[in-house]
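Undergrad: fold the following.
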Amino acid sequence: MEEKMNPESLLDLNAYLKDRKQRIDEAIDRFLPGDDSLPADLFKAMRYSLFAGGKRIRPILCLAAAEATGLSDVSESILPVACALEYIHTYSLIHDDLPAMDNDDYRRGNPTSHKVFGEALAILAGDALLTEAFALMARGDLQPEIAPETLLKVISEIATAAGAFGMVGGQVDDVKAEGKPGNLDVLNQIHSRKTGAMIVVSLRAGAILSCASESHLAALTDYGHKIGLVFQIADDILNVEGDRHLLGKNTGSDAARGKMTFPTLLGLENSRQKACSLVEDALGDLELFDSRAMPLRLLARYFLERRF
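TA: Numbers count the residues shown, from 1 in each chain. Next comes the predicted model:
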């Protein structure tokens, strides 16, 4: 009898990530004016951070969710929203690196934006990326296949996830928690907003744009909450024992700032066990999907095992 092939062997995740990243990079390059546009310094700073080696995780999740819920291939109509998610993520990193926040000198192996362009221009580059994200998503001419009411729903959800009730609110709580006694419930709440909200909405955006069913949308939402925590736990662990050359930034900064992290509350081994358990639960959320969700299944384990 012929042996059945493991479905996971049918997909090379590295090749998938490389292909989707290339498509996203090319789209960003088309959508964002070059540094020959005015004000040139501003666009140069925006592009510096956008093309500083990011893995494009959030836009890739958006595309993968769209594919899992019915899109046969990467549609040009999905790319503006996918790229806007990367704009928002990049703006958050520029601001996060500032002296008033994490005061980091390096990001992805390169000097941070404020070290290259100064604090004022770095702040403005972040501001511009955030606003350009919404301008890009609102361009109906780039997304003719998508109904206006569908696009409006996606824009509204992304605005909520990026703002006071999501990423920004989580960042505020994270800053306020520095140097204070740890509490696992508080930490879960911080990261469900600071990290998880944009991961969840990346998945939801792709699913909504591909007209997913309510059951598929709910399953992807649950999956997103879990892998968002996995991503943050892995990030916390890497800050303790990661290779700074692979990470492209210094390690140990969380402890130096007295940040509340999963390793400080649970220890490294218990943090790993929590992440493993979350991955298994996340894979369970994908049981109602067919093989088109294989990238999402593999990404859950990738978040757990990543080294940078």
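Undergrad: now do the strands in the stretch 101-250 of the chain.
TA: 106-107, 110-111 (DSSP state E, counting those that start in this stretch).
Undergrad: which one of the ones you listed lies nearest to residue 33?
TA: Ranking those by distance to residue 33, with Cβ to Cβ as the measure, places strand 110-111 first at 21.5 Å. To be clear about C-beta, it is placed using only N, CA and C from the backbone, and glycine gets the same treatment.
Undergrad: how far off centre is the closest one?
TA: 20 Å (Cα atoms, centre = their mean, to the nearest Å).
Undergrad: repeat for stretch 279-291
TA: How far stretch 279-291 lies from its chain's middle: 20 Å, per Cα atoms, centre = their mean.
Undergrad: got a list of contacts for that stretch?
TA: The contact list for stretch 279-291, computed with Cβ atoms under 8 Å, 6 or more residues apart in numbering, reads 7, 10, 68-69, 215-216, 219-220, 222-223, 226-227, 230, 293, 296-297, 300-301, 303-304.
Undergrad: again, but for stretch 12-32
TA: 43, 46-47, 50-51, 55-56, 59-60, 63-64, 74, 79-80, 82-83, 86-87, 132, 136, 142, 295, 298-299, 302.
Undergrad: buried among these? Need that as a selection in ChimeraX.
TA: Listed next is the ChimeraX selection for buried residues among those, using 16 or more other Cβ atoms under 10 Å:
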select :43,46,47,50,56,59,60,63,64,74,79,80,82,83,86,87,132,136,142,295,298,299,302
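Undergrad: in helices only, show me the contacts of stretch 12-32.
TA: If you go by DSSP state H, the contacts of stretch 12-32 have 43, 46-47, 50, 59-60, 63-64, 79-80, 82-83, 86-87, 132, 136, 295, 298-299, 302 in helices.
Undergrad: give me the distance between residue 16 and residue 302.
TA: Using Cβ to Cβ, to the nearest Å, one obtains 10 Å as the distance from residue 16 to residue 302.
Undergrad: oh sorry, the question was meant for residue 150
TA: The gap separating residue 150 from residue 302 is 29 Å, by Cβ to Cβ.
Undergrad: isn't residue 298 up against residue 68?
TA: No. Contact criterion Cβ atoms under 8 Å: residue 298 and residue 68 do not qualify, at 11.9 Å.
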